[in-house]
Each structure stands twice: as structure tokens, then as C-alpha cells.
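S.K.: need coordinates for the below:
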Amino acid sequence: GRPTILTFLTTWLPQASAQLGFLEEVEVDSFAIVNPIMVQDTPPVVHIFQKRGQYNLTFLSDRDGVLVEPLQLSSLPTHIFLNRRGIIKNVKVGVLTKNELLENLVN
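M.R.: Numbering: from 1, shown residues only. This is a model prediction of the structure:
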């Protein structure tokens with residue numbers, strides 16, 4: 001029932017920390033659900049990464065990268081914006097700031 005951002009990242013991506021910081025700001029300051037999905041990272045690796053970074057987001061793990069092909073992910077980070085009904089409204093690639101994330105949520 002709430003707009004959602006699914007952001008596909010990896011623990012080894014240099015921009016991951018910056019992007020996760022912006023995602024945390026959006027989740028705290030908005031009405032949206034924000035889920036980073038770590039591609040080809042195992043749940044234990046993701047858990048350690050989350051603890052080290054002290055991130056408060058709910059991380060998901062796509063350990064085998066099964067979502068890469070069906071979602072046509074060619075670059076990371078990739079953000080998928082879903083409306084309240086779970087329908088994909090927009091897809092953006094690259095590091096997005098808090099304002100850019102919020103703009104894509106409302107449009």
C-alpha cells in the first residue's frame with residue numbers, strides 16, 4: 001500500500017555507501033518503503049556489510065543474481081520505483097541523491 005524503491009547494488013560497488021546513505025534519508029523522511037537488493041552477495045556477506053555500515057534499511061540478497069536477466073539490469077546501482085499497487089513506474093540507473101529519489105517516487 002506504499003510506494004517502494006528497490007535499489008540493486010553490490011557490497012563491492014564503490015558508490016554503495018553513498019547511495020545507501022541517500023536511501024536511508026528517503027526512508028526516514030518519506031512515506032516510502034526502501035529495499036536495497038544486493039546482487040550476487042550471500043546473506044551472511046550482506047549482513048556483515050549492513051552491520052559495518054550501521055544501515056537501518058531492510059536489505060535483501062539476490063545471491064545467485066536471478067533477478068538480473070528478467071529485470072534487464074545492466075548497470076548498478078539500478079533503482080526500480082513501484083507505485084502503491086506494486087506496478088513499476090520508473091527505472092533509473094546510477095547514484096541518485098535524496099531529492100532525485102523523492103522526485104521519482106512522486107512522478
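S.K.: for the rest of this, base every contact and every neighbour count on C-alpha atoms.
M.R.: Noted.
S.K.: show me where this structure has helices.
M.R.: Ranges of helices within the chain are 16-29, 43-53, 98-106, based on DSSP state H.
S.K.: most tightly surrounded among those?
M.R.: When the helices of the chain are scored by mean count of other C-alpha atoms under 10 Å, the highest mean neighbour count falls to helix 16-29 (a mean of 18).
S.K.: off-centre distance for it?
M.R.: Counting by C-alpha atoms, centre = their mean, to the nearest Å, helix 16-29 is centred 9 Å from the centre of its parent chain.
S.K.: on contacts alone, who are the packing partners of that helix?
M.R.: Contacts defined by 3 or more C-alpha pairs under 8 Å, 6 or more residues apart in numbering; DSSP states H and E place helix 16-29 against strand 33-39, helix 98-106.
S.K.: hmm, back to that, can you lay out the helices of the chain as a markdown table showing mean pLDDT and distance to residue 90?
M.R.: As requested, these are exported to a markdown table (pLDDT from 0 to 100; distance: least, C-alpha to C-alpha, whole Å):
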| stretch | mean pLDDT | distance to residue 90 |
| --- | --- | --- |
| helix 16-29 | 95 | 16 |
| helix 43-53 | 97 | 26 |
| helix 98-106 | 94 | 7 |
